[in-house]
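Novice: the following comprises the amino acid sequence and a computationally predicted model.
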Amino acid sequence: MNIENYIRDIQDFPKPGIVFKDITPLLANHEAIEACLQLLINDLKEKKIDKVVGVESRGFFFGMLLAQKLNAGFIPVRKPRKLPFETISASYELEYGTDNLEIHIDAIQKGERILIHDDVLATGGTAKAVCELVEKLGGEIVQCNFLMELSFLNGREKLKGKDIFAALTY
């Protein structure tokens, strides 16, 4: 099954000039979900993963499924003031300014092996911030895992030295 057939292009969203990759058709088809999950997990079968970190909010969809398949825990990384317990934060660059992501201070124990999952690797700013959070808590990043990579935005440059996997590359 070609999961790319379930990714819909939306012109000029969220603003003019952007072509948004909409994954909702993929999420609506159980066979496409399973095929995508198999692509995301394929080279992880021989790697021990203690916890999967999913990035708000679309990283939660497959992040939870990956955690379940890998017999691992799941950790949400969220935007500021969305997590109820004490957190640490990391900032990342936006087109016009910066934003922050947070994780609970007790989410990762030193030495735990972590899979980071998000839907898209674009400029790499979000993924880099999540890597910083995981490493600050003592986690060992096994892989940064994405449903899609927009390679023309050079996001890999911000993740030098990390094992990166994307099921689809544009």
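Specialist: Happy to help now that I have it.
Novice: what's the neighbour count on residue 58?
Specialist: Applying other Cβ atoms under 10 Å, we find 17 residues neighbouring residue 58. The C-beta positions use only the backbone N, C-alpha and C, and glycine is treated the same way.
Novice: does it touch residue 119 like I think?
Specialist: Yes - if you go by Cβ atoms under 8 Å, residue 58 and residue 119 touch, sitting 3.9 Å apart.
Novice: now the strand or helix carrying residue 146 - C-alpha only, CSV.
Specialist: Residue 146 is located in strand 140-149, with elements delineated by DSSP states H and E. Extracted C-alpha coordinates of strand 140-149, given in CSV (Å, rounded to 0.1, in the frame of the first residue of the first chain):
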residue,chain,number,x,y,z
GLU,A,140,19.4,8.6,25.2
ILE,A,141,17.8,9.4,21.8
VAL,A,142,17.6,6.2,19.8
GLN,A,143,15.9,7.8,16.8
CYS,A,144,14.0,10.9,15.6
ASN,A,145,11.1,9.4,13.7
PHE,A,146,8.7,11.2,11.4
LEU,A,147,5.8,10.4,9.1
MET,A,148,7.0,13.0,6.6
GLU,A,149,10.1,15.0,5.9
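Novice: tell me the mean pLDDT over stretch 71-86?
Specialist: In this model, stretch 71-86 carries a mean pLDDT of 98.
Novice: count the neighbours of residue 42 for me.
Specialist: When neighbours are counted by other Cβ under 10 Å, residue 42 registers 10.
Novice: just the element for the residue most central in space within the chain, please.
Specialist: By Cα atoms, centre = their mean, the chain has its centre lying nearest to residue 118, at 1.5 Å. Per DSSP H and E, residue 118 falls inside strand 113-121.
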